[in-house]
Structure formats: C-alpha cells, structure tokens
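Peer 1: Predicted model and sequence follow; I will ask about them next.
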Amino acid sequence: MDEVTIGWYIALAAILFSMGALGVLVRRNALIIFMSIELMLNAGNLLFVAFARHLGDLDGQIWVFFTMTVAAAEVAVGLALAVSIFRNRDSVNIDDMNMMKG
Amino acid sequence: MTIAQLYIPVAVLFGISIFFALLLPILSKILGPNRPGGRKGEAYESGIVAVGNAQKRLPVKFYRIAILFILFDIDIIFLFPYAIAMKKLGLFGLWSMLIFVVIFVLGDIWVWKRGVLEWE
Amino acid sequence: MGHPIVFLILATVAVFAAIGMLTSRNAVHSALYLVLNFCTVAVFYLVLNAPFISMVQITVYAGAIVVLFLFVIMLLGADQLPKASSNGGLQYILAIFATAGLATALILQLSGFGDGTAKPESALDASPEAIGTLLFQDYVFPFEITSLILLVAMMSLIVFKAQKRKKQDG
C-alpha cells in the first residue's frame, strides 16, 4: 500500500467511467447526459496516460489527443442537436424525444 | 532531480497567489469601514435600476462563436507540438500539416460563405 | 506513479466531483462540478508525467468544452428543470446495480494488463517536442483524419443558419 501502482489508476478510471454510465442511465436532462459522456471519455484518457507512464511508452499519450478531438466534435454536434431539438419541442428532457417511435 | 521537483516553483507561486487572494479581501473586510444598506446594495451604484434575472437566455449567435472557439482550440493543440518539433520533422511534417490546415481553412471558408459568421 | 496520499486526495476529489455532477439539480452546478473533475484529472496527468496533456486538458476540456455547455445551458434557459417523470426507485436500483457490475468487470478485466512493475519516470520523455515528433511520424494518418472530424463539427454550425432563414420566411 506504500506505492501507487497501475492498479490504483485502473480502479479510479473504472469508477469514473461507471459513474458516467450511471449518469447516462438515470438522468433525463440531455445536457447532463452529454456531461456524463465527457466523464466517461475522460476516464478513458486517464487510463491511456496511466498506461503510457506504466509502460514507458509515449503512444498512449498520442491517443489522448485524438480522444480529445472526438470529444470536442461530439460536444459541438451533440449540443447543436440539443439546441435544434429544444427549438422544436421546447424541452431537453430525453423522454420527450420520442418522435421517431414507430 | 525528479520531474515532481521541477514543479516546486509553480507550487510556490500557486501558494503565494492563493495566500494573497485570501489575505486582501479578509484585510479589507477587517480594516475597512462597513456601513451597508440603501443604494449600496444595488448592482449599479450610478442609480440605474437593475432589470430582470442575471441568468437570462442568450441569443444563439454567441453559441456559434463558442463552437468556432472549440474548433480553433483543437487546431492549436496540434499546431503547438508541430511548431516545436518543426525542424526535426522536415518537409514531410510540413506537408502533413499543410493538408490539415488546408482542410480546416476550407471548412472555415464554407462556414463564412454560408453566413454563419454574420453578427446580425 | 505519485505519492499514495496525493493519489487518495485527488481521487476523492475526482469521485466526489463526479457524484456532485450526477446529483445536482441545477445544470450550471453540474457543469461546474465537471470543471472540478477535469482539473483533478489534469493534476493526475502532471503526476503521471504528461505535462503537455495536462495543459491541453485544462484549455480544451475545462476551458472550451465546459464553456460550450454553459453557453447551451444559458441559451436554453434549462438550468432548472422540473423534476422529470422517471420510472421511480426501481430504475435507479437497477441502474446502480448495472453500473456496479460494470465497474467490477472493468477492474477485473483491466487489472490483467497491469502486470509487472512500472518503468522508471525517466523512461518516458513526454515533452511537446517528443509528442510532436511521434505524432507527425507514426500517427500522420490519424492526424489527417482529425481534420475531417473538425470539418464535420463545423457543419453543426450550419444547422443554426438554415433554421434561422426558415424562421424569417415563415
């Protein structure tokens, strides 16, 4: 217990990822769901960097940049969708977004 | 010298700034005269009465600028390592960066032509 | 890989910020808890010898992405939503059990990859120069594809303009 190993970071990243998943499952506000997805991506990034440090290999850090790009694009597109849905339906509650139900 | 030791000056600067950020408001609270009430509590002491709530809905044009800000931010995080390693990378790095920048600028021109940047 | 006390303090802050984000009713508070979480992860990056990624984390995540969230919250005036109808307690209990199972499975599966001792800190040169060299030599094609991703993100701007024009006509 006197030395931080990769296992500690695995546990932390798994907990943060699962909390993001919990947010996606239980929250109804579309914006909070996007924030939870950001939390999950962030947990993945943390594990990338932790393993880069563990293995002494810089490649893990490079992938963090690509994850960040995808996260930023996802937020831009996703929030634009949220704004245009809000204009049509006056709500960001995902239970109201059932227009495509068969 | 480990990498953690390199951050000691940063930590010292951080500590000093937090200390002063806390010290000065507390000192002015203790030493200064304190007579609240009347017009002093209003948002504008010039006498203009504040209207409405601070959290009001913003027009969508601010959001468009925020999206552009994110995109240029991502552009910068790739430009910065390139700029530092530029000499080592040579012509190949220059071409790969040029392709990236050209695609990005084409997108910007398209956005401009569609009138997204207009501040009506 | 960092001192245990530093790890425990930062991990506690990160987990509580995540809990705060999940449970606060006001969306602005959720976004601010998210900033706290991103900042603690940025400190983790410093501990893990990734100084450039740490700064990028602060500028991109805590700076730009959360600013975008706050803009949308203020744009929609959606900061205080009425309590949404949900499937009640059963849904929460099921969701908590499912995510606890997910966390357990992730830890069990991933800890298999964590064999051996960590390499010394000096084994990893994570200066921006090293990152740039690796990024533009071994990862050129993924890098070029990110420009296409940015192009797609740019198209989301068109949505607003098209909708605006329709509104003026009708």
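Peer 2: Structure received.

Peer 1: Name the residues of chain A found near chain B, please.
Peer 2: Proximity of chain A to chain B, by CB under 8 Å from any CB of the partner chain, involves residues A:F65, A:M68, A:T69, A:A72, A:A73, A:V75, A:A76, A:L79, A:A80, A:V83. Quick note: C-beta positions are derived from backbone N, CA and C, even for glycine.

Peer 1: quick one: the fifth one and C:L150 touch, right?
Peer 2: Pointing back at A:A73 there. Yes. The criterion here is CB atoms under 8 Å, and A:A73 meets it with C:L150 at 6.6 Å.

Peer 1: can you list residues touching both of the two?
Peer 2: B:I74 (CB atoms under 8 Å, 6 or more residues apart in numbering or on different chains).

Peer 1: Give the other helices and strands that the top helix by length along chain B contacts.
Peer 2: Counting by DSSP state H, the longest helix found in chain B is helix B:86-113. When contacts are defined as 3 or more CB pairs under 8 Å, 6 or more residues apart in numbering or on different chains; DSSP states H and E, helix B:86-113 packs onto helix B:60-84, helix C:128-137, helix C:140-169.

Peer 1: nearest to chain A, of the ones you listed?
Peer 2: Closest approach to chain A among the helices and strands packed on helix B:86-113 (CB to the nearest CB): helix C:140-169, 3.8 Å.

Peer 1: pLDDT-wise, what's the bottom of the residues of chain A next to chain B?
Peer 2: Ranked by pLDDT, the residues of chain A next to chain B bottom out at A:V83 (83).

Peer 1: For chain C, just list every one of the helices.
Peer 2: Counting by DSSP H, the helices of chain C are C:4-23, C:27-47, C:51-56, C:66-76, C:89-110, C:128-137, C:140-169.

Peer 1: related to what we said a few turns ago, tell me the buried residues in the longest helix of chain B?
Peer 2: Residues B:L89, B:G93, B:S96, B:M97, B:F100, B:I103, B:F104, B:G107, B:D108, B:V111 are the ones in helix B:86-113 that count as buried (16 or more other CB atoms under 10 Å in any protein chain shown).

Peer 1: Check stretch B:63-76 too.
Peer 2: B:Y63, B:R64, B:A66, B:I67, B:L68, B:I70, B:L71, B:D73, B:I74, B:D75.

Peer 1: Quick check: the third one vs chain C, distance?
Peer 2: Right, the one you point to is B:A66. 5 Å (CB to the nearest CB, to the nearest Å).

Peer 1: again, but for the second one
Peer 2: Using CB to the nearest CB, we find B:R64 at a distance of 6 Å from chain C.

Peer 1: Confidence-wise, which helix or strand of chain C is lowest on average?
Peer 2: helix C:140-169 (a mean of 76; mean pLDDT, DSSP states H and E).

Peer 1: Torsion angles phi and psi at the closest residue in space to C:V47 that isn't next to it in sequence?
Peer 2: The shortest distance from C:V47 to any non-neighbouring residue, by CB to CB, 6 or more residues apart in numbering or on different chains, is to C:G2 (4.0 Å). With angles defined as degrees, to the nearest 10, C:G2 sits at phi 100, psi 160.

Peer 1: Do I have it right that C:G2 meets C:L48?
Peer 2: Yes. The pair C:G2 / C:L48 is scored as a contact, 7.2 Å apart, by CB under 8 Å.

Peer 1: do you know how far whichever residue of chain A sits closest to chain C is from A:G7?
Peer 2: Among all residues of chain A, A:G56 sits closest to chain C, at 3.3 Å; criterion: CB to the nearest CB. Applying CB to CB, to the nearest Å, the value for A:G56 to A:G7 is 17 Å.

Peer 1: and the residue positioned nearest the centre of chain B, what does it touch?
Peer 2: Nearest residue to the geometric centre of chain B (CA atoms, centre = their mean): B:F69, 9.5 Å. Each residue near B:F69 by CB under 8 Å, 6+ apart is listed here: C:A64, C:V67.

Peer 1: check contacts around the closest residue to C:Y45 other than its chain neighbours.
Peer 2: Nearest non-adjacent residue to C:Y45, counting by CB to CB, 6+ apart: C:S54, 3.8 Å away. Counting by CB under 8 Å, 6+ apart, C:S54 touches C:A42, C:V43, C:Y45, C:L46.

Peer 1: now A:A21
Peer 2: With CB under 8 Å, 6+ apart, A:A21 has these contacts: A:S36, A:M40, C:A98, C:T99, C:L102.

Peer 1: Which one of those sits in the busiest neighbourhood?
Peer 2: Within the contacts of A:A21, A:S36 tops the neighbour count with 24 neighbours, counted by other CB atoms under 10 Å in any protein chain shown.

Peer 1: name the element it belongs to?
Peer 2: If you go by DSSP states H and E, A:S36 is part of helix A:30-55.

Peer 1: What number of residues are in the vicinity of residue 55?
Peer 2: Here I'm looking at chain A. 17.

Peer 1: nope, chain C please
Peer 2: Around C:M55 there are 16 residues (other CB under 10 Å).
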